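Student: Predicted model and sequence follow; I will ask about them next.
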Amino acid sequence: MNEKLQASGNNIQNELHRIAEVAGFLWQRNWAEANGGNISVNLTHLADYELLNLPASTTGCNLAEEVPAIANNIFYVTGTGKRMRDVAKSPIEFGAIIRITADGKKFEIISEKPVKPTSELPSHLSIHNFLMAKGNSKSVVLHTHPTELIALTHSNTFLNAEHFTQTLWAMIPEARVIIPKGLGVVPYLLPGTVELARATIKQLEKHDVVMWEKHGTLAVGEDIADCFDVIDTLTKSARIYLFARTAGFVPHGLTKAQLDELARAFNLNL
Ligand code: 13P
Ligand code: ZN
């Protein structure tokens, strides 16, 4: 790690610790086979002038799509091909801190070791750009491969986002409360593409968490622990549903009246 990053104050170091902790959770949950999943966090609000202006350790790389709303912002991103269980040990060794150039057309690496960012960078940066342009304070994008949620996307029934949401909400009260806007669904698209990024942003207009058919889940939030909690809660619901089906019965689920009661009690009607 270069000296400035090392001495970059507690804020950045704390955030890297939080990223490491959640990366470990993803691995422990069995959601992160091989290099599965990726994380990006906007660090700009935590950085001082000197860090924001660190000299780049690489020349600028062109972005597939311009991201003017996040020009000059800096992000931690996991590296492509890196194992989440290694990110858990050392986020900076298995990831990079990147800066978007002033014209919003390129990124450059400012951490010392030039680790190539995740192949899902088009989705991560387009999403950060979309959130920033809307004045949204969500600064974290978390993508992971939760087994039970992916399993459900192999059924056409669950490609209907409304049905998917209602089924998972009905399994436990927490699901209705912790995921108040429900799930979006993106039909299968090639990983790492601009098309996947665009389709995801469309879903993020109405939701904070999106399923990528036969691939994984992506959540946005103000805090990496919140993103994890949302996916963890959805996965718990999916497990209850699948356990019941495997045991040979269709779970009753909470009734509409019970779900509506929760929405009123927790002011969830957004
Ligand atoms: P990366 O190793 O490039 O981050 O890819 C992992 C992944 O989950 C792609 O969707
Ligand atoms: Zn993936």
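Tutor: Cool, got the structure. Ligands and ions are numbered 1, 2, ... in the order given.

Student: only C-alpha atoms for contact and neighbour calcs from this point on.
Tutor: OK.

Student: Skipping adjacent residues, who's closest to the residue most central in space within the chain in space?
Tutor: Closest to where the C-alpha atoms of the chain average out (CA atoms, centre = their mean) is Leu142, at 1.7 Å. Of all residues not flanking Leu142 in the chain, Ile39 sits nearest, at 4.7 Å (CA to CA, 6 or more residues apart in numbering).

Student: ditto for Ile98
Tutor: Counting by CA to CA, 6+ apart, the residue nearest Ile98 is Ile109, at 4.3 Å.

Student: Next one: that neighbour from Asp260, what distance?
Tutor: Relative to Asp260, Ile109 is positioned 48 Å away (CA to CA, to the nearest Å).

Student: The two: which has the busier surroundings?
Tutor: Using other CA atoms under 10 Å, the more surrounded residue of Ile109 and Asp260 is Ile109, with 26 against 15.

Student: re the thing from before, just checking, the residue nearest to Ile98 touches Ile97?
Tutor: Yes: with contacts counted by CA atoms under 8 Å, Ile109 reaches Ile97, the gap being 5.9 Å.

Student: Check the residue nearest to Ile98 and give its pLDDT.
Tutor: What the model reports as pLDDT for Ile109 is 98.

Student: Now do the phi/psi pair for it.
Tutor: With angles defined as degrees, to the nearest 10, Ile109 sits at phi -90, psi 130.

Student: again with the one 10 residues further on
Tutor: Its backbone dihedrals place Ser119 at phi -70, psi -20, with angles given as degrees, to the nearest 10.

Student: And for it, the neighbour number?
Tutor: Count around Ser119 with other CA under 10 Å applied: 16.

Student: In the chain, where is pLDDT below threshold?
Tutor: Along the chain, the model assigns pLDDT under 70 to residues 1-9, 270.

Student: Up against ligand 1, what does it have?
Tutor: Neighbours of ligand 1 within the chain, by CA under 6 Å from any ligand atom: 35-38, 80-82, 118-120, 191.

Student: Now list the buried members of those.
Tutor: By neighbour count, with 16 or more other CA atoms under 10 Å, those hold 35-38, 80-82, 118-120 as buried.

Student: how close does Thr80 get to Pro114?
Tutor: To Pro114, Thr80 is 12 Å away according to CA to CA.

Student: now do Asn267
Tutor: From Asn267 to Pro114 the distance is 46 Å (CA to CA).

Student: Same check on Met84?
Tutor: Taking CA to CA as the measure, Met84 falls 18 Å from Pro114.

Student: which of these two has more neighbours?
Tutor: Legend: neighbour count by other CA under 10 Å for Met84 and Pro114, higher for Met84 (31 against 19).

Student: right, and that one touches Gly36 too?
Tutor: Yes: between Met84 and Gly36 there is a contact under CA under 8 Å: 7.3 Å.

Student: just to revisit the earlier point, pipe the buried ones among the residues of the chain next to ligand 1 into a markdown table and attach secondary structure per row.
Tutor: What follows is these, written out as a markdown table (DSSP: H, G, I helix; E, B strand; the rest coil):
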| residue | secondary structure |
| --- | --- |
| Asn35 | coil |
| Gly36 | coil |
| Gly37 | coil |
| Asn38 | strand |
| Thr80 | coil |
| Gly81 | coil |
| Lys82 | coil |
| Thr118 | coil |
| Ser119 | coil |
| Glu120 | coil |
